[in-house]
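J.: attaching a predicted model along with its sequence, questions to come.
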Amino acid sequence: HVQLVESGGGLVQPGGSLRLTCSGSADAYAYRYHMGWFRQAPGKKREGVAAIDSAGTTSYADSVKGRFTISKDNAKNTLYLQMNSLKPVDTAMYYCAAVRYFGGNCPSDFRYWGQGTQVTVS
């Protein structure tokens, strides 16, 4: 069973930056799980923000391209999301997720989830 714990959320002004961290079970990093960041705002569906595959290839939602960067440190069992030039529309609960084998980047394609960390841009 893979456990994931997010941290790093908070309140930031528009234009500011935050770095989210997802610490997890060693298996997820040792076996190069496919991992991603998702977010969900009140009253909205959970949406993908960024993903990184077992080879380190990254992908991003159009709304965050050029502002957010996903990265992973397998030696530290940690996934990161660097968020710059934050906007009020980025306000949401942010979740990290993992799956053993890549099957897509939709929320339903991921098996393991953290509890989330709140990001508020105001």
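T.: On my side now, so go ahead.
J.: can you give me the strands in the protein?
T.: In the chain, the strands defined using DSSP state E lie at 4-7, 10-12, 18-24, 34-40, 47-52, 58-60, 68-73, 78-83, 92-99, 112-113, 117-121.
J.: once you drop chain neighbours, what's closest to Ser59?
T.: Sequence neighbours aside, Ala51 is the residue nearest to Ser59 in space, at 5.1 Å (criterion: Cβ to Cβ, 6 or more residues apart in numbering). In this view, the C-beta of every residue, glycine as well, is placed from N, C-alpha and C.
J.: phi and psi next, for the nearest residue to His34 once chain neighbours are set aside.
T.: Nearest in space to His34, with sequence neighbours left out and distances taken as Cβ to Cβ, 6+ apart, is Phe102 at 4.3 Å. Backbone torsions for Phe102, taken as degrees, to the nearest 10, come to phi -60, psi 130.
J.: hmm, back to that, wait, the residue nearest to Ser59 touches Phe38, no?
T.: No - taking contacts as Cβ atoms under 8 Å, Ala51 lies outside contact range of Phe38: 9.2 Å.
J.: pLDDT value on the most centrally placed residue in the chain, please?
T.: Nearest to the geometric centre of the chain sits Trp37, at 2.0 Å (Cα atoms, centre = their mean). With respect to pLDDT, Trp37 scores 97.
J.: name whatever forms a beta bridge with it.
T.: Following DSSP bridges, Trp37 is listed with bridge partners Ala50, Cys96.
J.: that one against Tyr94, yeah?
T.: Yes - with contact defined as Cβ under 8 Å, Trp37 reaches Tyr94; the gap is 6.2 Å.
J.: how about Arg32, nearest residue that isn't a chain neighbour?
T.: Distance criterion Cβ to Cβ, 6+ apart; nearest residue to Arg32, sequence neighbours excluded, is Ser54 at 3.6 Å.
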